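J.: Provided below for reference: sequence and predicted model.
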Amino acid sequence: MKKFLKTTATIVGLVLATSSLSQERNNESGEQLLFIEPNGWQEIFSDRQENLSTTEYAPAGQDEKNWKELLSIQLLLNQPEADLDLMLTRVVDHVSRECSDFDVKPIALTGVSHQYPTAAVMLFCGASTQNGLGEFSIVRGISGYKNFYLLQKSWRLEPYDTETKIPVDLESRRFWLGYLSYLSVCEEALGNCPQY
C-alpha cells in the first residue's frame, strides 16, 4: 500500500510539475485527449496519414531510431465508439508478428474512464525480428465516442525469455501504468473537460 501511495504521489507531482496540459484535439469533433508530456521528455516523431495521427516522445538525448524508452500516442480519427477488444487485438496481432518470442497479459484496468470504455495490456517481446532486442510495453486503449486512442509506453531491452521474466521492475511499471491511467478523453459539449 505504501508503494501505491508513493506512486500516486509521484504521479501527482509529475502533473503539478508540468507547466501545461496539452490537448490533442480533433477540431472537427471537439473530442480531445488530455495529455501531459513527461518532464525531461521531448517529441521525436509526429505524423498524420489519413485518419491516423501518431506522436512519439522519448527522454532527452534519445531519438527515433536509438530510443531506450518511448511514449507513443495514436489517435484513430472518426472511429465512433470503436470496439475496444477488437482494436487491442489488432495491436497485439501486429506486435506479435514482429517478435520471435511473444506474450500478452491483461491489466486490471478495464472499465469506464470519464464515460469512455478503456482497457490495458502488457506486451512482452523477448526478441524483435527487426533488431534482435527485447521490448516490453504497457498499452492502454480508450474508445471515445468519436475517435479511438492508443497510449503506449515501451522499453527497449536486452533479449529475454517471456515465460520467466518481466524485464521492467514493478515500481516503473506501476508509475507508467498510473501515468497512462491519468490521461483522459473529454469533449467540451459533454461538459467533462477541465475548466481553466
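T.: That came through, no problem. Residues are numbered from 1 along each chain as shown.
J.: Mean pLDDT per element in this protein, and the minimum belongs to which helix or strand?
T.: Scoring the helices and strands of the chain by mean pLDDT, DSSP states H and E places helix 2-17 at the bottom, with a mean of 34.
J.: was I right about residue 119 contacting residue 86?
T.: No. In this structure, residue 119 is not within contact of residue 86 by CB atoms under 8 Å, at 11.1 Å. C-betas here are computed from N, CA, C, even on glycine.
J.: who's more crowded, these two?
T.: residue 119 (20 against 10; other CB atoms under 10 Å).
J.: Give me the contact list for stretch 41-60.
T.: Applying CB atoms under 8 Å, 6 or more residues apart in numbering, the contact partners of stretch 41-60 are 24, 37-38, 40, 62-64, 67-79.
J.: let's see it at 10 Å
T.: 24, 26, 33, 35, 37-40, 61-79, 147-148, 150, 152-154 (CB atoms under 10 Å, 6 or more residues apart in numbering).
J.: follow-up on the earlier one: shared neighbours of residue 119 and residue 86, anything?
T.: Jointly contacting residue 119 and residue 86 under the rule CB under 10 Å, 6+ apart are 141, 143.
J.: Strands of the protein, residue ranges please.
T.: For the chain, applying DSSP state E gives strands covering 22-25, 31-35, 41-49, 52-59, 69-76, 99-113, 116-128, 134-143, 148-157, 184-187.
J.: what distance separates the fifth one from the middle of the whole chain?
T.: In this case it means strand 69-76. With CA atoms, centre = their mean, to the nearest Å as the basis, strand 69-76 stands 6 Å off its chain's centre.
J.: so what's residue 170 scoring on pLDDT?
T.: On pLDDT, residue 170 comes in at 95.
J.: my bad, should have said residue 140
T.: Looking at residue 140, its pLDDT is 96.
J.: Mind listing the residues bridging to it?
T.: residue 120, residue 151 (DSSP bridges).
J.: Since that was my last question, I'll sign off now.
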